[in-house]
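> quick one, fold the following:
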Amino acid sequence: MALPTIPKTQEELQVMLFGEEKFYPNPYIWGNAPYGWPAEDVSATVFADFQKDDAQITRDTALEDAENGYIDGADRPDYPSHNRNATPEERAKEWDEYYEQSCIANRTEAQKFLDGVPEGYVLYRVEYSDNDGDYFTALEHGPLFNKVKALRISHH
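Sure thing, here's the model as predicted:
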């Protein structure tokens with residue numbers, strides 16, 4: 001995510017992320033999942049994550065982070081075929097080539113994103129996972145960063 005300034009308070013970050021909105025919706029309502037959460041609570045979570053030592057990153061780190069994962073819009077190659085007659089070595093070579101091309105595609109997409117980030121903006125890395133319950137599923141997959149410049153990288 002890229003922000004024009006370092007937010008000094010959770011309230012300042014809340015304005016950056018939500019503007020006047022007071023509620024963060026849960027994009028996945030199932031079972032007993034809540035409809036959403038107060039924007040104040042969500043911005044407090046993100047602000048706390050910004051305090052971690054590795055949250056603020058450089059452009060080079062952003063490119064490195066982008067290589068391993070899945071970025072929507074990246075021009076990724078097709079998965080290797082499942083040729084049953086291929087030797088294990090041939091399959092390994094196909095997957096190595098696929099991985100190399102995927103990394104290039106991700107890096108290219110991340111570079112496009114960074115090219116659109118003005119000089120002086122501050123870059124942050126935060127990670128949320130749907131393996132950690134409804135709340136973090138909503139943070140990972142919902143509209144949390146729609147009002148700021150952000151690149152979403154999935155790692156599963």
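
> quick check: the gap between Pro27 and Asp41.
According to C-beta to C-beta, to the nearest Å, Pro27 and Asp41 sit 16 Å apart. Every C-beta, even on glycine, is put in place using the N, C-alpha and C of the backbone.

> what about stretch 17-27, how long is it end to end?
16 Å (C-alpha to C-alpha, to the nearest Å).

> that stretch: which residues count as buried?
For stretch 17-27, a neighbour-count test (16 or more other C-beta atoms under 10 Å) marks Leu17, Phe18, Tyr24, Asn26 as buried.

> same thing with stretch 57-71?
Going by neighbour count (16+ other C-beta under 10 Å), the buried part of stretch 57-71 is Ile57, Ala62, Leu63, Asp65, Ala66, Glu67, Gly69, Ile71.

> and the strands in this structure?
Along the chain, the segments classed as strands by DSSP state E run 2-3, 23-25, 36-38, 56-57, 122-124.

> for those strands, which one sits closest to Phe136?
With C-beta to C-beta as the measure, strand 36-38 is the member of the strands of the chain nearest Phe136 (11.0 Å).

> show me what the closest one is packed against.
Packed against strand 36-38 by the contact rule (3 or more C-beta pairs under 8 Å, 6 or more residues apart in numbering; DSSP states H and E) you find strand 23-25, helix 134-141.

> need those in JSON lines with mean pLDDT and distance to Ser154, can you?
Listed next are the helices and strands packed on strand 36-38 as JSON lines, based on pLDDT from 0 to 100; distance: least, C-beta to C-beta, whole Å:
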{"stretch": "strand 23-25", "mean pLDDT": "91", "distance to Ser154": "20"}
{"stretch": "helix 134-141", "mean pLDDT": "90", "distance to Ser154": "8"}
